[in-house]
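**Student:** task: produce atomic coordinates for the following.
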Amino acid sequence: MNDLAPLLTPEGRALLDEVRDTDPAHELAVATRLRREHPAGLVSAALGQARLRQRAVAKFGAEDARRMFFTPNGVEQSTRASVAAYRAERLRAIGVRSVADLCCGIGGDAIAFARAGIRVLAVDRDPLTCEAARANADALGLAGLIEVREADVTEVDTAGYDAVFVDPARRSSKRGRIFDPEAYSPPLSWAVSAALGAPVGLLKIAPGIPHEAIPEAATAEWVSDGGDVKEAVLWFGRDVTPGARRATLLPAGATLHATPSTMLPDPEVRPVGRYLYEPDGAVIRAHLVAEVAEEVNGGLIDPTIAYVTADEAHRTPYATAYEITDRLPFNVKKLKALLREREVGVLTVKKRGSAVEPEELRRKALPKPHGTASVTVFLTRVTGAPTMLLGHPVR
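**Tutor:** Numbers count the residues shown, from 1 in each chain. The predicted model follows:
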């Protein structure tokens, strides 16, 4: 698919509506039937777009995904709508009214900015990607707020915009995921300078970026949605504390924030207590586990493991609490016998600091369910020793 134009015609749009819910298993039969009345290329493009829209529902929701236009890379790399909406609302709240969205892709972030009432210049160098971004702005009724420009982002004048948002490409068609920030397109160093040159600058980076690679002038924020870490963003300029770290958990919107002067040292290691706290991934990536430990009056089970233990149950939005019932050295046979004795039918396996794969342990320890009880097993280390902790979530 190198051109969206045929799909934007009345015939193309009607065909998209017709194939919208096509089961991939039935595509061949549907394509054979439709090619009797429509050009083969148009039928193939419509079915391909239908597949992309089905994949995009997880990020954009069914209502938007069914109206939008996607490229394969666009579905894979675009920002989840809930995360983009959160960021757009933060910008609106600090007074941003215009933003230059550099490396805009199919327009996921531009859409969120526009829906927050922010005027957007959306720039990308790929013609098909720009075509999709324009089509999406039009399909969602936002064309009046979004200008899409096909250009090299390094040559675009962003003067006059309240904010600059840069989302460099972190994947390559030849090499896959790119881990060297200077191999991003454009490189991290250029993106940082672009963000620093605006009143408010935002730079989307890989969540796994080493903390030592983060510029001192930035506040770094990690965002999770539904417990999964989705992205990291560096904030520059107005209302930014250099060197600060922030973890934001969606959909609740809870935010844990620490500045260089308030960051806590690593928690002490202590014996496993009655409760185990599993910090959210964004908290771990932001190096804010110590702040969670202080909140629950706990400590670490091991100096290298981000599990917090405490003797009392505390409610915190930044970690999931489990009541621990058993502690065993790693031994599959003992675990299997214990699960049979307790008539366990549902086994959840989590790991941190263990080389054992959860699915492998589940298959060996519970080959057949023995009842209706449920147990969570943590494969981890306690003061260096391979350990299994058994428990259940605190309700």
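**Student:** can you pull the buried residues of the host helix or strand of residue 391?
**Tutor:** If you go by DSSP states H and E, residue 391 is part of strand 385-393. Under the neighbour-count criterion of 16 or more other CB atoms under 10 Å, strand 385-393 has 387-391 buried. C-beta here means a position set from N, CA and C on the backbone, and glycine is covered the same way.
**Student:** now swap in stretch 323-340 and tell me
**Tutor:** 324, 330, 335-336, 338-339.
**Student:** follow-up on the earlier one: so which elements touch the strand holding residue 391?
**Tutor:** Helices and strands touching strand 385-393, as assessed by 3 or more CB pairs under 8 Å, 6 or more residues apart in numbering; DSSP states H and E, comprise strand 319-329, strand 373-382.
**Student:** and the first one, what does it pack against?
**Tutor:** Contact partners of strand 319-329 among helices and strands, from 3+ CB pairs under 8 Å, 6+ apart: strand 275-279, helix 332-341, strand 373-382, strand 385-393.
**Student:** make TSV from those and add mean pLDDT and distance to residue 138 to it.
**Tutor:** As requested, these are arranged in TSV below (pLDDT from 0 to 100; distance: least, CB to CB, whole Å):
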stretch	mean pLDDT	distance to residue 138
strand 275-279	98	43
helix 332-341	94	56
strand 373-382	96	48
strand 385-393	96	45
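**Student:** can I get those in a markdown table with distance to residue 105?
**Tutor:** As requested, the helices and strands packed on strand 319-329 are exported to a markdown table (distance: least, CB to CB, whole Å):
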| stretch | distance to residue 105 |
| --- | --- |
| strand 275-279 | 31 |
| helix 332-341 | 46 |
| strand 373-382 | 38 |
| strand 385-393 | 37 |
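**Student:** closest to residue 357 out of those?
**Tutor:** Nearest to residue 357 among the helices and strands packed on strand 319-329 is strand 373-382 (9.2 Å), distances taken as CB to CB.
**Student:** got phi/psi on the nearest residue to residue 373 once chain neighbours are set aside?
**Tutor:** With sequence-adjacent residues excluded and distances taken as CB to CB, 6 or more residues apart in numbering, residue 373 is closest to residue 344, at 4.8 Å. Main-chain torsions, residue 344, degrees, to the nearest 10: phi -80, psi 130.
**Student:** so residue 344 touches residue 374, yeah?
**Tutor:** Yes - contact criterion CB atoms under 8 Å: residue 344 and residue 374 qualify, at 6.9 Å.
**Student:** neighbour count: those two, which is higher?
**Tutor:** Between residue 344 and residue 374, counting by other CB atoms under 10 Å, residue 344 is the more crowded of the two (22 against 13).
**Student:** residue contacts, that one?
**Tutor:** By CB atoms under 8 Å, 6 or more residues apart in numbering, the residues touching residue 344 are 366, 369-371, 373-375.
**Student:** and residue 169, by the same measure?
**Tutor:** Contacts for residue 169 (CB under 8 Å, 6+ apart) come out as 77, 103, 178, 184-185.
**Student:** mind listing the strands for the stretch 51-200 of the chain?
**Tutor:** All strands of the stretch 51-200 of the chain, identified by DSSP state E, counting those that start in this stretch, fall at 98-102, 119-124, 146-150, 163-166, 171-172, 176-177, 200-205.
**Student:** ok, residues contacting stretch 349-360?
**Tutor:** So stretch 349-360 is in contact with 278, 302, 304-307, 330, 361-362, 376-381, 386, going by CB under 8 Å, 6+ apart.
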